[in-house]
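In: sequence plus predicted model, see below.
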Amino acid sequence: MFAVQTTFAEDAVDLVPPETSAIPVAEPAGVSTFPKVLRWRLERFFADADLSPKADPTMWGKIAVGMAVLAGSWIALYTLHPAAWAFVALYLLGGLAQTFLLLNIAHDSNHNAISSRPVINKSLNYVFDLCGISSYMWRILHHRGHHSCINLHGEDDAIEGRGLFRFTPHDPRTPLHRFQHIYALFLYALFSLEYVFVRDFQSFFLPGHDYLTRTKHPVREYVILFAGKAFYLTYMLVLPIVVMRESPWLVLTAFFLVHLVVGISVVLVFQTTHVIEDTYFPLHRSEFENGVYHVFATTADYATENPVVGWLVGGLNHHVVHHLCPYVCHTHYAPLTRIVKQTAEEFGVPYRQHATMTRAIWHHLLLLRQLGNEN
């Protein structure tokens, strides 16, 4: 069984009843506070249904579909010798498959949510490297630089604007930020290009965070960094030009278009769950007595009743549950979100959500406009 993760909580105890005990109808004695009741109910869901919190048949099907589409697009490129427009279309199809794999497979494997066997999670985590991103560095930045410090000023890597954006009211405002809601989508589209060519190398060799500076990276991770980048650039750029005899400009154009798709998709999926009008941006870790309250104050869901959105974005629209239960496979998120909503309503704890992803994006841009115009 799993334990709901509350990174900031001091009382994050495992409330799973013993395997041999009958599951009680009501919460057991001593389980009366919102964090404890919520954790107990989320864990009871799996006990009652006799379910594993790891991958179910739906998840294994998603893995198969994503891998098949990516492999199929490249097989078609090599065997069909398509015209220029068809080459770009198939290349973009491969890019869509990469986006799907990053959101649905790589992210879950990074959290050890796919299997109880570490080797399976580790193997699937190399999907990041397959897409040109260091799986090792992404794991560090995502866990230490986000999950352990959600929306925390000066620590959460996901809300660092690097001078181009003002994502929190605690960041200094510059005249450029007045237009950030206008240029945001254009720069978001360049996110994955920056990650592939700049961010990984910067994190390894010119770290900007103390936790990166203090970390002694294994030699093998330096080797994998360069080997992974070389493999990615070879199959994405070199082979289409050398083996398929495609125009370098055609290949580079297709490559750029793929990254526009990957970049804007991944950024919007995540930013709309933390950087919106009514989420909170704490200055200190000690502002909340329990990490569960921190998650609810800084995180929002969207389109939780739309299974298509959930299927495409790897359940990350159920973001509150993801932060509460990061080691649970995302294909279980929908019923867990219903438990979260009901329990939050019972205890009067604000639960943030938008009915659609479009509304979430709109409120993200509204916050950018507000922060760009207010000190």
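Out: Now that the structure is in, tell me what you want to look at.

In: what about the helix or strand of the chain with the lowest mean pLDDT, distance to the chain center?
Out: When each helix and strand of the chain is scored by mean pLDDT, DSSP states H and E, helix 210-214 comes last, with a mean of 88. Mean-position distance between helix 210-214 and its chain equals 22 Å (Cα atoms, centre = their mean, to the nearest Å).

In: list the buried ones in that helix?
Out: 211, 212 (16 or more other Cβ atoms under 10 Å). (Each C-beta comes from the backbone N, C-alpha and C, glycine too.)

In: who does it touch, helix- and strand-wise?
Out: With contacts defined as 3 or more Cβ pairs under 8 Å, 6 or more residues apart in numbering; DSSP states H and E, there are no secondary structure elements packing on helix 210-214.

In: I'd like the next helix or strand past it.
Out: Sequence order places helix 219-233 as the next helix or strand after helix 210-214, per DSSP states H and E.

In: tell me the helix or strand right after that next one.
Out: With DSSP H and E, the next secondary element past helix 219-233 is helix 239-242.

In: any weak-confidence spans in the protein?
Out: 1-31 (pLDDT under 70).

In: ok, now with 50
Out: Applying pLDDT under 50 to the chain flags residues 1-3, 6-25.

In: just the strands in it please.
Out: In the chain, the strands defined using DSSP state E lie at 300-302, 352-354.

In: adding mean neighbour count, write the ones you listed out as JSON lines.
Out: Shown next, in JSON lines, are these (neighbours: other Cβ atoms under 10 Å):
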{"stretch": "strand 300-302", "mean neighbour count": "24"}
{"stretch": "strand 352-354", "mean neighbour count": "21"}
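
In: next, format those as TSV and append distance to residue 73.
Out: Shown next, in TSV, are the strands of the chain (distance: least, Cβ to Cβ, whole Å):
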stretch	distance to residue 73
strand 300-302	29
strand 352-354	33
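
In: so what's the residue count around residue 285?
Out: 14 (other Cβ atoms under 10 Å).

In: let me fix that, I meant to ask about residue 129.
Out: 20.

In: same thing with the one 10 residues further on?
Out: As a burial measure, residue 139 scores 16 neighbours (other Cβ under 10 Å).

In: need the contact list for it.
Out: Going by Cβ atoms under 8 Å, 6 or more residues apart in numbering, residue 139 touches 110, 125.

In: from residue 368, how far off is it?
Out: 28 Å (Cβ to Cβ, to the nearest Å).

In: wait, residue 285 sits on residue 151?
Out: No. Using Cβ atoms under 8 Å, residue 285 is not in contact with residue 151, being 11.3 Å away.

In: for residue 65, which of the strands of the chain is the nearest?
Out: With distances scored as Cβ to Cβ, the stretch of the strands of the chain nearest to residue 65 is strand 300-302 (23.4 Å).

In: quick one, what contacts residue 215?
Out: Here residue 215 is in contact with 140, 207 (Cβ under 8 Å, 6+ apart).

In: report the longest helix in this structure, please.
Out: helix 248-274 (DSSP state H).

In: tell me the gap between that one and the middle of its chain.
Out: For helix 248-274, the distance to the chain centre is 15 Å (Cα atoms, centre = their mean).
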